[in-house]
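Fold the following, please.
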Amino acid sequence: MKYSFSAFENGFVRAAAASPALRVADCAYNAQQIIDTMRTHAANGVQLLCLPEFCLTGYTCSDLFLQATLLQGAEKGLADILSASVDLDILTLVGLPVRHNAKLYNCAAVVCHGELLGLVPKTYLPNYGEFYEKRHFVPAMREAECIEFAGQETLIGTDLLFACKQLPDFVLGVEVCEDLWAPVPPSCRHALAGATVIANLSASDETVGKADYRRALVCGQSARLLAAYLYADAGHGESTTDMTFAAHNLIAENGSLLSEARPFAGGAAVTELDVSRLQQERMRNTSFCPETSGYTTVEFELRDAEISLTRPVSPTPFVPQDTAARAERCELILRIQAEGLAKRMEHTHAKCAVVGISGGLDSCLALLVAVRACKVLGRDAKDIVALTMPCFGTTRRTRSNAEILCEALGVSFGEINITKTVQSHFADIGQNPESYDVTFENCQARVRTLELMDYANKNGGFVIGTGDLSELALGWATYNGDHMSMYGVNAGVPKTLVRHIVQYVADTCGQETLRSVLLDILDTPVSPELLPTAADGTIAQQTEKLVGPYELHDFYLYYVLRFGFPPAKIYRLARTAFADKYEPEVLLAWLKNFYRRFFAQQFKRSCLPDGPKVGSVTLSPRGDWRMPSDACNTLWMAELETLQAD
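This is a model prediction of the structure:
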């Protein structure tokens, strides 16, 4: 069952770009088609509807645009649409010709609850190839002017914005077709003036290769403007005298294509726009400098609605769902990690690089990266020293996998059994070896780091850290133990992605022994192996049973760091993404756990070793995330307490 929640409360607007059927120059028929389309989409919870350029008359009317009968028919058709919209809770954009001061304008009419909020004329009129718009129309005026049209007093002009009273983050700017294709589209000004959503009423004819270019334009403009972009294209019904139209409707948000009605498919693009996310993006981007001079803002009202998201909410936001894209991502990350490590090895004139190898995922990835770094430098893999340091919790399986992995990769392998050293340290500090507390665990982690550091010093090398992004977020590392190294190659890679990178290497290495051991490492439960093994010799301490599923924590981490979403919104997104896997109370419990650990463990992140940034989320104090170690989580936890896991 789909999970529904308040749209406006969480910053969402359901939007559609559609292409109603039409007859060229039959305004009464076209008006009725538009009304029917409005009613259908309003009934489906759509709150913003963009229709094509000249959908009231047809784009291909040519010299009929100069006929008073057609112009009067269009005005009458808009009046009928206004009347029909009174009881519809939807903001609609309708394309039509408008006569003003003895000139003709190609306009978008903005309609809501029976009110004509404004008319936005087209700025750039194409007059090349198959287009002859300057034969009939004049370019838009920027500054708004008063006009009486379709029985109402309203404004006409390019510099108009339309703002929702109930959701202040929802501000609409409008442009028409060619405006997007111009070197500096009007939407650039609209966005700087505050528009988070741009709607484009278009009649773009179809030619070979044009759909790809159109799609790229829409996505690119939405990325450049940190905005949502709706593109409604003319379709079936236009005259085919010399052009064909495909109803290629598109909706993009900040560079991502959210919904598309492919050419000639005859459908509508429908999705939800996350306008609060867009405002968050603009707030953090200091290159985005608002400029509101000359703009007039018209307010409108819409009722909030309960919605179930139709836009994709991936349960693994760090991991691409597409197989080819995922493989490309894994290869790129490996290259970034290897190049960063190679530079550090080169700069420090390291004779060797030392890795603590446990037979687990993180140390496995660090070792794979180290081998790649040696290839970048043209050095022998034997310059990588992998040390296994068994103690109370080391299992035969992980110890064996560590050795097999090192042999398959051709690195130097050694063992330092730290059991006696740890026992001696227990005696030094008076630790009861039968008390399996945090001191029991951390002593082992710190001794391992001590051995690695001193070995590296003795041999003119440095220690490669293995901890990943997810562990840093949760503080799942021993301070000045595995928390510390001389270069942390995995610090920017979340646990869910670590798994896929290792799988990618297994799939592409072309070496059966290496592939086999990598697959067994992937199949091994994640564990620090700091507690004695079970009676049957298997791992007794499984990380995810203690801190929670990493797929949930990575999901939470992504939305906390990347977008700064509040806990309530993250919880509702998780309800959507994991609807078929986790009960609501489980999601909420681990979200609370995430916030507790994230705030409490900042002191570990404030003094991290260097490491390469690989994605848009990083916790390095020299990178994207800085917070005081003494910050309180009171506000966040209070918001979580208001949520019900119903």
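
quick one: the helices in the stretch 1-150 of the chain?
Taking DSSP state H, counting those that start in this stretch to define them, one finds helices in the stretch 1-150 of the chain at 27-43, 68-84.

will you turn the ones you listed into JSON lines that also has mean pLDDT, mean neighbour count and distance to residue 354?
Glycine gets a C-beta too; all of them are placed from N, C-alpha and C. JSON lines is the format used below for those (pLDDT from 0 to 100; neighbours: other CB atoms under 10 Å; distance: least, CB to CB, whole Å):
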{"stretch": "helix 27-43", "mean pLDDT": "98", "mean neighbour count": "19", "distance to residue 354": "62"}
{"stretch": "helix 68-84", "mean pLDDT": "98", "mean neighbour count": "19", "distance to residue 354": "73"}
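
Out of these, flag the one nearest residue 231.
Closest approach to residue 231 among those (CB to CB): helix 27-43, 16.1 Å.

Show me the contact partners of the closest one.
Residues outside helix 27-43 that contact it (CB atoms under 8 Å, 6 or more residues apart in numbering) are 16, 18, 20-23, 49, 51, 55-58, 70, 73-74, 76-78, 80-81, 84-85, 88-90, 92, 94, 268, 270.

where in the stretch 401-550 of the chain is pLDDT low?
528-530, 535, 539-541 (pLDDT under 70).

can you give me the helices for it?
Taking DSSP H, counting those that start in this stretch, the helices of the stretch 401-550 of the chain run over residues 419-429, 438-458, 469-474, 495-508, 512-522, 543-547, 550-562.

got the buried residues for the first one?
Burial within helix 419-429, assessed by neighbour count using 16 or more other CB atoms under 10 Å, is assigned to 421, 422, 425, 426.

And residue 284, how far from residue 595?
20 Å (CB to CB, to the nearest Å).

Sorry, wrong one. I was asking about residue 289.
For residue 289 relative to residue 595 (CB to CB), the value is 33 Å.

does the residue nearest to the spatial centre of the chain count as helix, strand or coil?
Nearest to the geometric centre of the chain sits residue 317, at 7.0 Å (CA atoms, centre = their mean). Under DSSP: H, G, I helix; E, B strand; the rest coil, residue 317 falls in the coil class.

ok, it - contacts?
Residue 317 makes contact with 554, 555, 558, 559, 562 under the criterion CB under 8 Å, 6+ apart.

Apply 10 Å and report the result again.
Contact analysis of residue 317 by CB atoms under 10 Å, 6 or more residues apart in numbering lists 494, 496, 554, 555, 557, 558, 559, 562, 573, 577, 617.

and among the helices of the stretch 401-550 of the chain, the most buried is which?
Comparing those by mean neighbour count (mean count of other CB atoms under 10 Å), helix 469-474 ranks first with a mean of 26.

Alpha carbons only: can I get it in CSV?
Output in CSV follows, covering the C-alpha atoms of helix 469-474 (Å, rounded to 0.1, in the frame of the first residue of the first chain):
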residue,chain,number,x,y,z
LEU,A,469,31.5,7.3,5.2
SER,A,470,28.7,5.5,7.0
GLU,A,471,30.9,4.5,9.9
LEU,A,472,32.0,8.2,10.2
ALA,A,473,28.4,9.4,10.3
LEU,A,474,27.5,6.9,13.1
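
for that helix, packing partners?
Here helix 469-474 touches helix 495-508, helix 543-547, helix 550-562, helix 584-600, helix 602-605, going by 3 or more CB pairs under 10 Å, 6 or more residues apart in numbering; DSSP states H and E.

Just give the number of residues close to residue 52.
Residues near residue 52, counting by other CB atoms under 10 Å, number 32.

dump the residue contacts of it.
Applying CB under 10 Å, 6+ apart, the residues near residue 52 are 17-20, 22, 58-59, 93-95, 176-177, 200-204, 231-235, 238, 245, 247, 249.

Over to residue 352?
Neighbour list for residue 352: 345, 370, 379, 382-385, 411-412, 455-456, 459-462 [criterion: CB under 10 Å, 6+ apart].

in the sheet, who's paired with it?
residue 461 (DSSP bridges).

For residue 239, which non-adjacent residue is spatially closest?
Nearest residue to residue 239 in three dimensions, chain neighbours excluded: residue 60, at 3.8 Å (CB to CB, 6 or more residues apart in numbering).

That neighbour: what's it in contact with?
Counted by CB under 10 Å, 6+ apart, residue 60 has contacts 24-25, 54, 203, 205, 234, 237-243, 245.

could those residues go into a markdown table alongside distance to residue 470 and neighbour count?
Listed next are these as a markdown table, based on distance: CB to CB, whole Å; neighbours: other CB atoms under 10 Å:
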| residue | distance to residue 470 | neighbour count |
| --- | --- | --- |
| 24 | 59 | 18 |
| 25 | 62 | 20 |
| 54 | 53 | 29 |
| 203 | 49 | 25 |
| 205 | 50 | 19 |
| 234 | 48 | 29 |
| 237 | 53 | 21 |
| 238 | 53 | 24 |
| 239 | 58 | 16 |
| 240 | 56 | 12 |
| 241 | 60 | 8 |
| 242 | 58 | 9 |
| 243 | 53 | 17 |
| 245 | 49 | 25 |
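
Now flag whichever of the buried residues of helix 419-429 is closest to residue 362.
residue 422 (21.2 Å).

Could you measure from that closest one over to residue 429?
From residue 422 to residue 429 the distance is 11 Å (CB to CB).

Tabulate the helices of the stretch 401-550 of the chain (CSV), appending distance to residue 166.
Shown next, in CSV, are these (distance: least, CB to CB, whole Å):
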stretch, distance to residue 166
helix 419-429, 61
helix 438-458, 50
helix 469-474, 35
helix 495-508, 37
helix 512-522, 48
helix 543-547, 39
helix 550-562, 24
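
what about those helices, which gets the closest to residue 325?
Nearest of these to residue 325, taken as CB to CB: helix 495-508 at 11.2 Å.

That closest one - contacts with which helices or strands?
helix 323-348, helix 361-377, helix 469-474, helix 512-522, helix 550-562.

That helix relative to helix 512-522, how many degrees between them?
Orientation check (axes from the mean of the first three to the mean of the last three CA atoms, to 10 degrees): helix 495-508 against helix 512-522 gives 160 degrees.

and stretch 263-277, which residues are buried?
263, 268, 269, 270, 271, 272, 273, 274, 275, 276, 277.

what two of those have the greatest distance between them?
Pairwise distances across these (CB to CB) peak at 32.1 Å, for the pair 263 and 276.

what's across from residue 160 in the sheet?
Here residue 160 sits in beta bridges with residue 296, going by DSSP bridges.
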